[in-house]
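Enquirer: Pasting the sequence and the predicted coordinates here, then a few questions.
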Amino acid sequence: MALSPKGRRGYAAGALAVTAALALSACGSDSGSGGADTSAGTGSGAAAVKLVQPGKLTVCTNVPYEPFQFKDGSGNVVGFDVDIVDLAAKKLGVTQNIVDIDFAVIKSGAAMAAGKCDVAAAGMTITPERAQNITFSDPYFDATQALLAKKGTGATSLEDVKTKGLKLGAQASTTGLDYAKKQGFNPTEYADSPKELLALQAGQADVIIQDLPVVLTWLKKPEVAEKFELIASLDTGEQYGIGMKKDADPTLVKTINEELAKAKQDGTYEKIYMKWFGKKPGELG
């Protein structure tokens, strides 16, 4: 997310474990029980991998962040990230278990360090700061930021937002927020993407910055498209990665990277991309 997240996006090494324990006791909901590394899951061709829960690949995410992860009509968490992680889960011969937790705890690496999950897939941009506490997979999504504004502002850029004195909002802990701050803004921060959109709809913000795929998904809803419009795409050169703890099992890292590479070679990645974005990779922006 592209969530600094930090997008949906660091702690000092000596304090990480303590901070993680405190943070995890206060936020997040688990679709299963979390815990320390305990067991191994093996599948076709996959060597033993230590997992938080036997027979499950436990995944930390932050819901909703549509179309990357969100609940469908039956209450199941679905989305692009879910399908991508499923490739590795199937290779390991295990099922995916999703933990919904605050993004700040994910992007700091605290969730993985505390054994809350094996991996994190939350539209998370790879950054040098995050990489201090997280082992990232190879990039699996090229991301960019976008500006969504109420119709009639006349703004077509961040510079216009500034010169017209418009109120800018951003999701807390995201790279979108970081980008705006580097451009000299001090956006109002909102805890998650739904609250950010609600702020725009309520007039608390005139413009919000968010990952482009999320904005495009919002604009598919008539009540949003009627009053709001995409005024700019910001090519920030971001890429999403699947996060693991800093000393992650090498076999887990290898399996995820191999499945990503395989999916891109055999067309599976393109099918998943088309399913959730309606366009081929490279055509979204």
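Expert: Now that the structure is in, tell me what you want to look at. Numbering: from 1, shown residues only.
Enquirer: hey, let's count contacts and neighbours off CA atoms from now on
Expert: OK.
Enquirer: list the buried ones in the helix or strand where Glu223 lies?
Expert: Secondary structure assignment for Glu223, by DSSP states H and E: helix 222-225. For helix 222-225, burial by neighbour count (16 or more other Cα atoms under 10 Å) applies to Val224.
Enquirer: Now for Gly154: which residues touch it?
Expert: Under the criterion of Cα atoms under 8 Å, 6 or more residues apart in numbering, Gly154 has no contact partners.
Enquirer: Quickly list what the closest residue to Glu196 other than its chain neighbours is bridged to.
Expert: Of all residues not flanking Glu196 in the chain, Tyr190 sits nearest, at 5.3 Å (Cα to Cα, 6 or more residues apart in numbering). Listed beta-bridge partners, Tyr190: Gln171 (assigned using DSSP bridges).
Enquirer: so after the helix holding Glu223, what's the next helix or strand?
Expert: Where DSSP H and E defines the elements, the next helix or strand beyond helix 222-225 is strand 228-240.
Enquirer: counting contacts, what elements does that following strand pack onto?
Expert: strand 141-150 (3 or more Cα pairs under 8 Å, 6 or more residues apart in numbering; DSSP states H and E).
Enquirer: Next secondary structure element downstream of the strand it packs on?
Expert: Trace forward from strand 141-150 with DSSP H and E and the next one is helix 158-163.
Enquirer: from the chain's centre, how far out does that next one sit?
Expert: How far helix 158-163 lies from its chain's middle: 27 Å, per Cα atoms, centre = their mean, to the nearest Å.
Enquirer: Same check on stretch 183-195?
Expert: 16 Å.
Enquirer: and the end-to-end length of stretch 158-176?
Expert: Using Cα to Cα, to the nearest Å, the end-to-end distance of stretch 158-176 comes out at 12 Å.
Enquirer: got the buried residues for it?
Expert: Neighbour-count burial for stretch 158-176 flags 158, 161, 166-176 (criterion: 16+ other Cα under 10 Å).
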